[in-house]
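Q: this one's structure only:
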């Protein structure tokens, strides 16, 4: 369990921010930190990794002290069992993909590396230098390199933000699998509501350095409680009036779905909004998929 | 023809460059990460030889190391160092004189690297020196090469400092640039021309090699 109770004053683009955090994260949870840029999300991860020193407070992980201002304890980043996937990936340019993975291992474990290479589909890339890789490939390497450390806590700083939707969906799938398989505590920074709802157990919403909301993604982001059986999140791409009803076109993953809505429902909707489409299961159709 | 001044010049440049490299890596690293309030002062001191006339530097060396004052006597008696009119003195003066040419490229190379590279290495459990030697330096090879070559070439080309503290002792402190001056004074234009041509050709080749290597031309050629 991670207990973080810290404060730090930060100079951001919009002036000084007082980051004041008090949060607890259960072991094995997938947690997302959501908020506008400059709200202190990255600083939160950096303080957990030991790359940024809080002004005051304490950090405990599994009852071990990682930081305590009063007793002057500040465990070096080298001694915290975390892996960090940076926004710019921070792959070492002079090493090949394989070199990057090997560098991250404290004790050599070739079998484990092979497993990672296989799982992240890096087989064809292992002898290439990072400069020759595409964004999605770099991201996979960064993720594999983080796992090569065999961390207990995985910190992800908006790793998917720069990627296009197709690759993003695939990598989200990787993240989910890896989190479960390696029994990690994962903390993700993300702006993408769909991603958050899909991946996380718990969300912390950060605004100007304070946590203003926390809970499960649906508790936090969806006002009404829907007891729907099918829930998807997507983005509104079109709203058109037809006769007495409105047709809202929603892009869910890569599928375009048309939903009928009443005038009252579309009042606060505009193109580009993130929405949840839910349905009770009384009328779905079922088809067998021939393999 | 007397090759001794040329050989002495390159010996001086080689020794100076090796010492500078060993000195500049920790110094540049410190300058690239430091937030100390002394940093501007150190940076100024490092850069001084760029703007100061070499004769000024040489003059103060001469005063400081002269056997006529207590510091010079102390150096001579306790360390057995005679720094005026000696090769050792030339090396020391050249190290200080060429310091910015080694420190600046390495420092700006280190500063151009994203800080997340070092942070990633720290999180992986690597110490600061492991990070410096295994991550940072391998990624600024062109800057290191530039520093080595500039420091070497600058030492080859120095004149004022050498003239002030080295004097003109054949085989000890009579480097090529001094020899050229000497020969011109003696109206030996042929000899002066010989030294000049050798320096010209060698420095041109060295610099050309750097630009070829750093520009990646050689790699393309070998492929």
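A: Looks like it came in fine. Source: prediction; values computed, not measured.
Q: from here on, just use CA atoms for contacts and neighbour counts.
A: Will do.
Q: the host helix or strand of residue A:112 near chain B at all?
A: Counting by DSSP states H and E, the element that carries residue A:112 is helix A:110-119. No: applying CA under 8 Å from any CA of the partner chain, one finds helix A:110-119 out of contact with chain B, separated by at least 15.3 Å.
Q: helix or strand right after that helix?
A: Next along from helix A:110-119, by DSSP H and E: helix A:135-148.
Q: now that following helix against helix A:110-119, angle please.
A: Angle, helix A:135-148 to helix A:110-119, by axes from the mean of the first three to the mean of the last three CA atoms, to 10 degrees: 150 degrees.
Q: show me what helix A:135-148 is packed up against.
A: Packing contacts for helix A:135-148, counted by 3 or more CA pairs under 8 Å, 6 or more residues apart in numbering or on different chains; DSSP states H and E, involve strand A:82-85, helix A:97-104, helix A:110-119, helix A:165-181.
Q: interface residues of chain B facing chain A?
A: B:114, B:116-117, B:119-127, B:135, B:138-139.
Q: and if we set it to 6 Å?
A: B:116, B:117, B:122, B:123, B:124, B:125, B:139 (CA under 6 Å from any CA of the partner chain).
Q: I'd assumed the first one was in a strand, is it?
A: If I follow you right, that is residue B:116. No: looking at residue B:116 with DSSP: H, G, I helix; E, B strand; the rest coil, it is helix, so not inside a strand.
Q: rewinding a little: which of the residues of chain B next to chain A sits closest to residue B:72?
A: Each of those was scored against residue B:72 by CA to CA, and residue B:139 proved nearest at 42.6 Å.
Q: give me the buried positions along stretch A:272-280.
A: Residues of stretch A:272-280 classed as buried: A:274, A:275, A:276, A:277 (neighbour count, 16 or more other CA atoms under 10 Å in any protein chain shown).
Q: actually, stretch B:110-117.
A: Neighbour-count burial for stretch B:110-117 flags B:110, B:111, B:116, B:117 (criterion: 16+ other CA under 10 Å).
Q: try stretch A:184-192
A: A:184, A:185, A:186, A:187, A:188, A:189, A:190, A:191.
Q: who's in contact with it?
A: A:27-34, A:152-158 (CA atoms under 6 Å, 6 or more residues apart in numbering or on different chains).
Q: and that stretch, end to end?
A: Using CA to CA, to the nearest Å, one end of stretch A:184-192 lies 21 Å from the other.
Q: three-state assignment of residue A:206?
A: With three-state DSSP as the criterion, residue A:206 reads strand.
Q: could you report the neighbour count for it?
A: 23 (other CA atoms under 10 Å in any protein chain shown).
Q: residues near residue B:137, how many?
A: Residue B:137 has 19 nearby residues by other CA under 10 Å.
Q: with the one 4 residues further on instead?
A: Neighbour count for residue B:141, taken as other CA under 10 Å: 15.
Q: now chain B against chain A: closest residue?
A: Using CA to the nearest CA, the closest approach of chain B to chain A is made by residue B:125 at 3.8 Å.
Q: is the closest residue in space to that residue that isn't next to it in sequence in a helix, a strand, or coil?
A: Among residues not flanking residue B:125 along the chain, residue A:78 sits closest, at 3.8 Å (CA to CA, 6 or more residues apart in numbering or on different chains). The three-state label given to residue A:78 by three-state DSSP is helix.
Q: which residues touch residue A:78?
A: B:122, B:123, B:125.
Q: the residues of chain B next to chain A in helices, which ones?
A: B:116, B:117, B:122, B:123 (DSSP state H).
Q: on the pLDDT front, check the residue of chain A most remote from its centre for me.
A: Distance from the centre of chain A peaks at residue A:243, with 41.5 Å (CA atoms, centre = their mean). According to the prediction, residue A:243 has pLDDT 77.
Q: let me know the distance separating it from chain B.
A: 56 Å (CA to the nearest CA, to the nearest Å).
Q: got it, and residue A:214?
A: On the measure of CA to the nearest CA, residue A:214 and chain B end up 28 Å apart.
Q: show me what counts as buried in the longest helix along chain B.
A: Counting residues, the longest helix found in chain B (DSSP H) is helix B:4-33. For helix B:4-33, a neighbour-count test (16+ other CA under 10 Å) marks B:5-6, B:8-10, B:12-14, B:16-17, B:20-21, B:24-25, B:27-29, B:31-32 as buried.
Q: packing partners of that helix?
A: With contacts defined as 3 or more CA pairs under 6 Å, 6 or more residues apart in numbering or on different chains; DSSP states H and E, helix B:4-33 has these neighbours: helix B:87-112, helix B:141-156, helix B:176-185.
Q: shaky segments in the chain?
A: Assuming you mean chain A. For chain A, the stretches with pLDDT under 70 are A:223-229, A:280-285, A:289-291.
Q: ah, no, chain B please
A: B:220-223.
Q: how about the residues of the stretch 1-150 of chain A near chain B?
A: A:77, A:78, A:90, A:94, A:104.
Q: show me what contacts the fourth one?
A: Contacts were defined as CA under 6 Å, 6+ apart; by that measure residue A:94 touches residue B:139.
Q: torsion angles phi and psi at it?
A: Dihedral pair for residue A:94: phi -90, psi -10, per degrees, to the nearest 10.
Q: how far away is it from residue B:16?
A: 29 Å.
Q: again, but for residue B:151
A: 8 Å.
Q: how about residue B:111?
A: Distance from residue B:111 to residue B:16, by CA to CA: 25 Å.
Q: ok, residue A:135 next?
A: Counting by CA to CA, the gap from residue A:135 to residue B:16 is 44 Å.
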